[in-house]
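[1] quick one: sequence plus predicted model below, questions after.
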Amino acid sequence: MQVTFLGTSSGVPTRGRNVSSVALRLPQRSELWLFDCGEATQHQFLRSELRVSQLSRIFITHMHGDHVFGLPGLLASLGMAGTCEGIDLYGPDPLRDFLEGVLRTSSTRIGYPLRTHRVAEAASRGTLLLDDPDFTVRCTPLIHRIPAFAYRVDQKPRPGRFDLEQARAQGIPPGPIYADLKAGRTVTLEDGRVINGAAFCGPERAGSSVVYCTDTVFCEAAVDLARGADLLIHESTFSHGEAEMAYQRQHSTSTMAAQTALEAGVKQLALTHLSPRYMPGNPMTPDDLLAEAQAIFPNTLVAKDFLSIEVATNA
């Protein structure tokens, strides 16, 4: 999976950082999933190498403007392009009313299927939000001033590596049949032999996992959701020295994000949703937040707009 950050600022955009949005490119599929859609997210798409035409699902964490104000414009543009086959939209209960109100009062017509899914019930029950042939998605409630949710995407286990030399040694002719064998299927050759593809594949390979967690103060639910993940994307709105403000506004500090990563046993932490007060040139900068987090969880980076990360399991 490939993660691309389209917005990494909290509250308001800055010259170097737009407000929240993260795109997930799915492997082996011409498909993108989007997490949050702050103002000007569609402009960020234009400045990136991503193709908005591949967008199929959008996951919204909560209804604050820096996470949703870009959504009506993006959906309207998809409608005017005339190539969108449909969008599945996941988020808090008010999301549907928000969109319907904006689209209706602006006389905007969406000429493609727009399917909205409320996530609160799946989050409270701990059930799967989405289960498709290749991926599952789960979510959990966070602690914020309004209802907010974190999301976890897990790639399902993949077939083991295909032993091409063994297949050739068995006299299996190359061609489309190899795709079936690589998938572990049983095929019948022209000479009548029945071949079980699983015999030519190594041990099943674990899939990769990504967790997106914003906005919240430190909470055990986020730790539980992130356990063992390959990448945790976590908000870091404030520095450790402003923990009191973080608790008041129910946001995380750099050290809260790092503590979540440490307790969850994730492989890598990416800090995002940084307050504009930490712009370069100010008394504290993103480098300072990074140092605070790395003192607790060394494998941490600070995300910036258009940073892309290839996420792969080490298993």
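    Looks like it arrived, so ask away.

[2] domains of this structure?
    What automatic domain parsing lists as the domains of the chain is 2-158+205-310, 164-200.

[3] mind listing what's buried in the worst-scoring helix or strand of the chain on mean pLDDT?
    None of the helices or strands of the chain scores lower by mean pLDDT, DSSP states H and E than helix 177-182, at a mean of 81. Within helix 177-182, the residues scored as buried using 16 or more other Cβ atoms under 10 Å are Ile177, Tyr178, Leu181, Lys182. For the C-beta atoms, the positions are set from N, CA and C on the backbone; glycine is no exception.

[4] deepest-packed of the domains of the chain, please.
    domain 2-158+205-310 (a mean of 19; mean count of other Cβ atoms under 10 Å).

[5] tell me how far that domain lies from the chain's centre.
    Averaged C-alpha coordinates place domain 2-158+205-310 at 6 Å from its chain's average position (Cα atoms, centre = their mean, to the nearest Å).

[6] related to what we said a few turns ago, export the buried residues of helix 177-182 to CSV and tack on distance to Glu165?
    Shown next, in CSV, are the buried residues of helix 177-182 (distance: Cβ to Cβ, whole Å):
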residue, distance to Glu165
Ile177, 16
Tyr178, 12
Leu181, 13
Lys182, 14
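
[7] hey, least reliable of the domains of the chain by pLDDT?
    Least confidently modelled of the domains of the chain is domain 164-200, at a mean of 83 by mean pLDDT.

[8] thinking again about what came up before, which among the buried residues of helix 177-182 gets closest to Asp154?
    Lys182 (21.8 Å; Cβ to Cβ).

[9] roughly how far does that closest one sit from Asp163?
    As judged by Cβ to Cβ, to the nearest Å, Lys182 and Asp163 stand 10 Å apart.

[10] overlap of the contact sets of the two?
    Phe200, Cys201 (Cβ atoms under 8 Å, 6 or more residues apart in numbering).

[11] follow-up on the earlier one: which one of the buried residues of helix 177-182 is nearest Glu190?
    Ile177 (9.5 Å).

[12] tell me the contacts of the closest residue to the closest one other than its chain neighbours?
    Leaving aside its chain neighbours, Ile177 sits nearest to Val187 (5.6 Å; criterion: Cβ to Cβ, 6 or more residues apart in numbering). Going by Cβ under 8 Å, 6+ apart, Val187 touches Ile177, Asp180, Leu181, Val194, Ile195, Gly197.

[13] can I get the residues you listed in a markdown table with distance to Thr136?
    What follows is those, written out as a markdown table (distance: Cβ to Cβ, whole Å):
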| residue | distance to Thr136 |
| --- | --- |
| Ile177 | 30 |
| Asp180 | 25 |
| Leu181 | 26 |
| Val194 | 33 |
| Ile195 | 31 |
| Gly197 | 24 |
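
[14] which secondary structure elements does the helix or strand containing Ala23 sit against?
    Element membership of Ala23 [criterion: DSSP states H and E] is strand 21-25. Under the contact definition 3 or more Cβ pairs under 8 Å, 6 or more residues apart in numbering; DSSP states H and E, strand 21-25 sits against strand 2-7, strand 32-35, helix 41-47.

[15] which one of those lies nearest to Arg277?
    For those, proximity to Arg277 was assessed by Cβ to Cβ; strand 2-7 is nearest, at 17.1 Å.

[16] what packs against that closest one?
    In terms of contacts (3+ Cβ pairs under 8 Å, 6+ apart), strand 2-7 is packed against strand 21-25, helix 41-47, strand 268-272, strand 308-310.

[17] recalculate using a threshold of 6 Å.
    strand 21-25, strand 308-310 (3 or more Cβ pairs under 6 Å, 6 or more residues apart in numbering; DSSP states H and E).

[18] given the last one, what are its sheet partners and their directions?
    Meaning strand 308-310. Next to strand 308-310 in the sheet, as set by DSSP bridges, lie strand 2-7 (antiparallel).

[19] contacts only, for the closest residue to Asp163 other than its chain neighbours.
    Nearest non-adjacent residue to Asp163, counting by Cβ to Cβ, 6+ apart: Phe200, 5.0 Å away. Shown in contact with Phe200 (Cβ atoms under 6 Å, 6 or more residues apart in numbering): Phe162, Asp163, Gln166, Ala167, Leu181.

[20] the last one touches Ala199, doesn't it?
    Read that as Leu181. No. Counting by Cβ atoms under 6 Å, Leu181 sits too far from Ala199 to count as a contact (8.9 Å).

[21] any chance you could map the helices in the chain?
    Under the criterion DSSP state H, helices of the chain are mapped to 41-47, 65-68, 71-81, 95-105, 120-125, 164-169, 177-182, 220-226, 243-249, 254-264, 286-294.

[22] can you say which of those is nearest to Ile146?
    Closest among the helices of the chain, once you apply Cβ to Cβ, is helix 65-68, at 10.5 Å.

[23] alright, calling it a day.
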